[in-house]
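Enquirer: with the sequence up front, the predicted model follows.
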Amino acid sequence: MMKKLLIFIMLIAILNAKYYPNALFAYVSGVSSNDTLSVRVKANWRSRKINELPPNAYVGVDECVKRGHSNWCKVHAVNCNIGQYLEYNDRLPGWVNARYLKFSNRGYVAINGKKNSCNYAIGCKNGKCRVVINVIMKNGEVTAIKSKTYPRSVLTGIGEIDISFDYDSEDATEGYPCGRLSFKINDYLSKHTSSFLSAKSTAREFLKALESQNLSKIKTFIHPKYGIGITGNIYFPNKGIIYFNRKQFSKFYNSSKEFIWGSDYAKGDPIKMSLKEMLHLKSPVNRVSRVTKLPKLKYFKPIKNHILKGYEFFWKGRGKYPEYSWRGADVIMAKINGKWYVVGFLWNRWTI
C-alpha cells in the first residue's frame, strides 16, 4: 500500500512539474480567425478569465508548468511594432494553454531585469541563450556582431523592438536606437549562420557541403589562415597530412591533379587520387548511424591558443557484407575568434 502511495505521489509530482522552455516569446497559434485564446489568473482552465488573445498575438514567456495532461505558460506584454497599441496588453501577465502557442527565441531582451540595453536574443538551446551585445555597422549594414551566452533564467523578453527611452522621463530622447537593428541583424544572421553553430553541428554541416560538392559552401568552413589538413591514414600522424588554405583548396578541388594521401591500411598501397575524389562521400549524411566525440587529438598537429574538438561520423555497413563495408570520417574543428572551423579531415575506415 505504501509503495502504491509513493508511486501515486511521484506521478502527481511529474504531472505538475515546472518546466522552462528555451523560448522567450510566443505567437498565438491554432486558434481560428473568429476565436480567441483565454488568459486566466492561474494555470487551470477553471481559473478566472482575465483576458483573451487574438490569433497571432505576440507575447513574452515567463515560465511554463504542467498541470495534469496540459501545459500552461505565463505570458506578459511585449513591444510589437512602432506605434502599435495592443488592447490585450493592459491585462497581462496571465496564464494560457501552451497548446495554442508557437514559441520563438528571437527578440530584444532584458538581462537580469535591466532594460534599455538593446540586447537582441538570436537563439536558445538547453537552457541557455545567445544574445547580441555589440553590433558593427558599415554603410548602414551590419558587418559583424559580438554575442554572449546567458542562462535562460536571467532573460526577460522585451519584444521585437526595444524602446530604450521613457517619454515621461526628463532624460527622454527621440528616436528608436535599437528597434530597427533587428531587421539588419537577422539579415546578417541569414548570411552567416555557420558563425553560431556548435562544433558538432559545424562538422555535420561540413559533411553536408561535401555531399553536395558545393565548393563555395565548403570553403566557408575552412579557416583562411590555418586551412585544413587532410590525410588518407586512419589517424592523424605527425607526417602525411596535406594542408590547404582556402585559395589552394579552391585551386585543386576541381582539378584532376592527384595527391599521395598516405598508404592503404590493409594492403600498404599508396592512396593516390584527386582532392575531390578524396573528399567524396559515398554515403549521404542522413544515413550516419552515430556520432562520437574523439577523446584524444594528440596525433593532430596542434593549432596554438585555440580549442580543438573532433568527432567521428560512422556509417553502418550495408549490403551482403556489412561488417566490411562500414565507414567512418573524423572531422576536427578549431574555435577561432568565436567560430568553429574545420581544420582536419580523414576517412578512418575504408570500404571494400
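Expert: In hand now; what should we look at? Numbering: from 1, shown residues only.
Enquirer: so who does residue 131 touch?
Expert: Neighbour list for residue 131: 109, 111, 119-122, 147-150, 155 [criterion: Cβ atoms under 8 Å, 6 or more residues apart in numbering]. For every residue, glycine as well, the C-beta is placed using N, CA and C.
Enquirer: from those residues, which land in helices?
Expert: Using DSSP state H, no member of the contacts of residue 131 sits in helices.
Enquirer: mind putting those into a markdown table with neighbour count and pLDDT?
Expert: Listed next are the contacts of residue 131 as a markdown table, based on neighbours: other Cβ atoms under 10 Å; pLDDT from 0 to 100:
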| residue | neighbour count | pLDDT |
| --- | --- | --- |
| 109 | 28 | 91 |
| 111 | 17 | 91 |
| 119 | 22 | 88 |
| 120 | 26 | 89 |
| 121 | 25 | 90 |
| 122 | 19 | 87 |
| 147 | 20 | 85 |
| 148 | 13 | 88 |
| 149 | 11 | 90 |
| 150 | 19 | 92 |
| 155 | 22 | 93 |
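Enquirer: tell me which of those fall in strands.
Expert: 109, 111, 119-122, 147-150, 155 (DSSP state E).
Enquirer: closest to residue 322 among those residues?
Expert: Using Cβ to Cβ, residue 149 comes nearest to residue 322 of the ones in strands among the contacts of residue 131, at 41.5 Å.
Enquirer: pretty sure the closest one contacts residue 127?
Expert: No. Counting by Cβ atoms under 8 Å, residue 149 does not reach residue 127; the two are 10.5 Å apart.
Enquirer: all helices for the stretch 201-350 of the chain, in order.
Expert: Here the stretch 201-350 of the chain has its helices, by DSSP state H, counting those that start in this stretch, at 215-219, 246-253, 275-278, 322-325.
Enquirer: go through the ones you listed and find the least confident stretch.
Expert: Lowest mean pLDDT of the helices of the stretch 201-350 of the chain: helix 322-325, a mean of 72.
Enquirer: tell me which residues in that one are buried?
Expert: The neighbour-count check on helix 322-325 (16 or more other Cβ atoms under 10 Å) flags residue 325 as buried.
Enquirer: ok, now stretch 22-40?
Expert: Buried, per 16+ other Cβ under 10 Å, within stretch 22-40: 23-26, 28, 31, 36-40.
Enquirer: go on, stretch 220-234?
Expert: Buried residues in stretch 220-234 (16+ other Cβ under 10 Å): 220-223, 226-234.
Enquirer: strands - which of those land there?
Expert: 228-231.
Enquirer: give me the number of residues near residue 140?
Expert: Applying other Cβ atoms under 10 Å, we find 6 residues neighbouring residue 140.
Enquirer: typo on my end, residue 158
Expert: Counted with other Cβ under 10 Å, residue 158 comes out at 27.
Enquirer: so that it lines up with my notes, have the first residue be 10 from now on.
Expert: Yes, from this point I'll number from 10; that puts the last item at residue 167.
Enquirer: could I get the contacting residues of it?
Expert: Counting by Cβ under 8 Å, 6+ apart, residue 167 touches 69, 87-88, 116-119, 124.
Enquirer: rerun that using 6 Å as the cut-off
Expert: Residues near residue 167 by Cβ atoms under 6 Å, 6 or more residues apart in numbering: 117-119.
Enquirer: cool, residue 76 as well?
Expert: Shown in contact with residue 76 (Cβ under 6 Å, 6+ apart): residue 52.
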